[in-house]
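Student: Fold the following for me, if possible:
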Amino acid sequence: MAVSTQPGPDDVRAYYDEFLRYRMTSNRIDGNPRIEAAISRILPLLRDTDRVLDVGCGIGIVSERLARRVTAGKVHGIDISPMNIWYAERTTRAGNLSFASHEAVNELDAASMELGGPADVVVLVDSIEHIPEADRPGFLRMLRGISSDSALLVITYPSPQYQRYLRENNPGELQVIDNSIELATLVEEAASAGYLLRHYSLECIWRPGDYCHVILQAGGSDCSRPLSQKRKSMAVRAVMKAESVLLSRIIRRYRQWRYVDRVFRRIRDHRSGEGRITDAS
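Tutor: Model (predicted):
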């Protein structure tokens, strides 16, 4: 009998617990254009009263920004890594924001209860590619089951061509589960779950066409939410770039203190030599 090499939930959880220190915190310190592009895609879709579920929320960067937009609503972020949730709870500030450590495929019912009702918007920012392919159709059906009648599902993920590039040129950038997702397959799976395609675009983050932005809608009949984005003028972009260069050193120093030094200064590592965070005082 063949033995499956597919990583299990415990393997994935351990991977992302470690991923926090050597990769995730850098997104807080230096920023990440992929995350900013995803946030820019999602924010115009939101209404003040929306209940938003952020699946695979990581350390809560996206969740926090969305919570500031839905001032009369709520954002709930879930992630398989308890350490990501531990960190998110200590570095985000919003009264309508909550987090919990759940495995997305099997624990969505608990997430729905914590959200306080059906989700109006579900976001998966660079996370759907980390769900096992065999589980994805059922996962989409479960998402539909905990969402409102005309809910939006916003998904961003690496394009298949970018995944091929990484496998051939930089496989160390691939994560423990990192699937290539073809649009036709995703649309078919989503349709079976009760979603229709509202938007698809190839975005250029680091390389041409390296990220996909997809907006799906339950039922697909409510067209009242705007899907287009207003692009900033060249003059505005030039000013923003100049400000970024001018403030980058100050901002980075502050972020290093707020998001790393201050958070981890009292952490005691009880597993000497393993580099794991295990206890906070």
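Student: Which parts of the stretch 151-281 of the chain are strands?
Tutor: For the stretch 151-281 of the chain, applying DSSP state E, counting those that start in this stretch gives strands covering 195-203, 211-218, 267-268, 279-280.
Student: Please work out which of the ones you listed is packed deepest.
Tutor: The highest mean neighbour count among the strands of the stretch 151-281 of the chain, using mean count of other Cβ atoms under 10 Å, belongs to strand 211-218: a mean of 23. (Glycine included, C-beta is placed from N, CA and C.)
Student: low pLDDT regions in the stretch 101-250 of the chain?
Tutor: Low-confidence segments of the stretch 101-250 of the chain, defined by pLDDT under 70: 176, 220-249.
Student: so what's the closest residue in space to A104 that isn't next to it in sequence bridging to?
Tutor: Spatial nearest neighbour of A104, chain neighbours left out: V55 (5.2 Å); criterion: Cβ to Cβ, 6 or more residues apart in numbering. Following DSSP bridges, V55 is listed with bridge partners I78.
Student: V55 and G31, how far apart?
Tutor: Taking Cβ to Cβ, to the nearest Å as the measure, V55 falls 22 Å from G31.
Student: Verify the contact between the residue nearest to A104 and H130 for me.
Tutor: No - the pair V55 / H130 is not scored as a contact, 10.4 Å apart, by Cβ atoms under 8 Å.
Student: between the two, who's got more neighbours?
Tutor: V55 (25 against 19; other Cβ atoms under 10 Å).
Student: Turn the strands of the stretch 151-281 of the chain into a markdown table, including distance to R258.
Tutor: Compiled in a markdown table, the strands of the stretch 151-281 of the chain are given as follows (distance: least, Cβ to Cβ, whole Å):
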| stretch | distance to R258 |
| --- | --- |
| strand 195-203 | 29 |
| strand 211-218 | 28 |
| strand 267-268 | 15 |
| strand 279-280 | 17 |
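Student: Tally up the residues packed near D149, please.
Tutor: Applying other Cβ under 10 Å, I find that D149 has 11 neighbouring residues.
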